[in-house]
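**Q** Let me see the structure of the following:
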Amino acid sequence: MMTDDDLDRYARHIILREIGGPGQARLRKARVLSIGAGGLGAPLLMYLAAAGVGTLGVVDDDTVDLSNLQRQVIHATDAVGAAKTDSAAETLARVNPGVDVVRHGLRLTEANAAEVIGGYDLVCDGSDNFDTRYLVNATCAQAGVPLVAGAIGQWDGQLSLYDPARGGPCYACVFPQAPAAGLAPSCAEAGVVGALPGVIGSMMAMEVIKHICGAGETLVGRLLVYDALAAETRTLKVRRDAGCGVCGDG
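**A** Sure thing, here's the model as predicted:
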């Protein structure tokens, strides 16, 4: 049951025929996990909190560094040195005190990934290394949990919604192995323009909202690629690989 304050807060959602009251109720019941509270996790979490997603989990074992503030807008200068999960939770409480934020101040490993991810309806991966990306994908595929995964570097970004339990590909179908060392440098090594994670992280939040509400067409089976320098966006069709070592028929 929505309160009068809820009706005011979510009024612009409720008047959208693709969301309405039922969609807003689904958002409120949803449990969404963000892997990372950094560049991609920052706008993702803030928009999901503003949208009224009932429970937001945040996985991050890092602390806020001054160099993060050029792009990680969920953290402020006075949060430097604080745990990112704590800083993110404080910001999200200011955005929407009605959202329950669960802090997972840890690094995902094979020993804990299933337990952490198993408590959520949907996972968003904004991690900055391939070991974590493949671990998150394999865990989500095994648990039947949809995965919105984004990646950024310098001026380029990409995202998709991976959902092999419902016929789509998993991340490993599209990227069966990590690139060779040096071919995909981290943001710390190669740099990243500050607004780029805002673009991709916001698109990730949009995919989450559409998936939960059943609105429009999601990026299942498609990979969106964004080139900020050229101001171009491309969408590539991707397919499930029957021979995939993670979600394939074998």
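
**Q** For the worst-scoring helix or strand of the chain on mean pLDDT, which residues meet the burial criterion?
**A** One helix or strand of the chain scores below all others by mean pLDDT, DSSP states H and E: helix 187-190, with a mean of 78. Using 16 or more other C-beta atoms under 10 Å as the test for burial, helix 187-190 gives Cys187. For the C-beta atoms, the positions are set from N, CA and C on the backbone; glycine is no exception.

**Q** Could you check the pLDDT of the residue nearest to the spatial centre of the chain?
**A** Central residue of the chain (C-alpha atoms, centre = their mean): Cys124, 2.8 Å from the mean position. According to the prediction, Cys124 has pLDDT 98.

**Q** just the one 5 residues further on next, same as before
**A** Residue-level confidence at Asn129 comes out at 92, pLDDT.

**Q** Looks to me like the residue nearest to the centre of the chain is in a helix.
**A** No: Cys124 is assigned strand when assessed by DSSP: H, G, I helix; E, B strand; the rest coil, not a helix.

**Q** what's near enough to touch it?
**A** Cys124 makes contact with 32-35, 40-41, 44, 147-150, 204, 208 under the criterion C-beta atoms under 8 Å, 6 or more residues apart in numbering.

**Q** so, if you compare those, which one comes nearest to Leu159?
**A** Set against Leu159, the nearest of those by C-beta to C-beta is Gly150 (4.0 Å).

**Q** helix/strand/coil for the closest one?
**A** strand.

**Q** for the top helix by length along the chain, packing partners?
**A** Ordering each helix of the chain by length in residues (DSSP state H) puts helix 196-213 first. When contacts are defined as 3 or more C-beta pairs under 8 Å, 6 or more residues apart in numbering; DSSP states H and E, helix 196-213 packs onto helix 20-29, helix 41-51, strand 122-125, strand 147-153, strand 156-162, strand 222-227.

**Q** With distance to Val73 added, can I get those in CSV?
**A** What follows is the helices and strands packed on helix 196-213, written out as CSV (distance: least, C-beta to C-beta, whole Å):
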stretch, distance to Val73
helix 20-29, 22
helix 41-51, 5
strand 122-125, 16
strand 147-153, 14
strand 156-162, 16
strand 222-227, 18
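
**Q** out of these, deepest packed?
**A** Mean neighbours per residue, mean count of other C-beta atoms under 10 Å, is largest over the helices and strands packed on helix 196-213 for strand 122-125, with a mean of 26.

**Q** how distant is the next helix or strand after that strand from the center of its chain?
**A** As assigned by DSSP states H and E, the chain's next helix or strand after strand 122-125 is helix 130-143. Put simply, helix 130-143 sits 13 Å off its chain's centre (C-alpha atoms, centre = their mean, to the nearest Å).

**Q** Please work out which residues outside helix 130-143 touch it.
**A** Defining contact as C-beta under 8 Å, 6+ apart, one finds that helix 130-143 is touched by 35, 107-110, 113-114, 117-118, 123, 125, 127, 145-147, 149, 151, 162, 164-165, 170-172, 178-179, 184, 246-247.

**Q** buried subset of the residues you listed?
**A** Using 16+ other C-beta under 10 Å, the buried ones in the contacts of helix 130-143 are 35, 108, 113, 117, 123, 125, 127, 145-147, 149, 151, 162, 164, 170-172, 246-247.

**Q** Setting aside sequence neighbours, what's the nearest residue to Gly216?
**A** Lys210 (5.3 Å; C-beta to C-beta, 6 or more residues apart in numbering).
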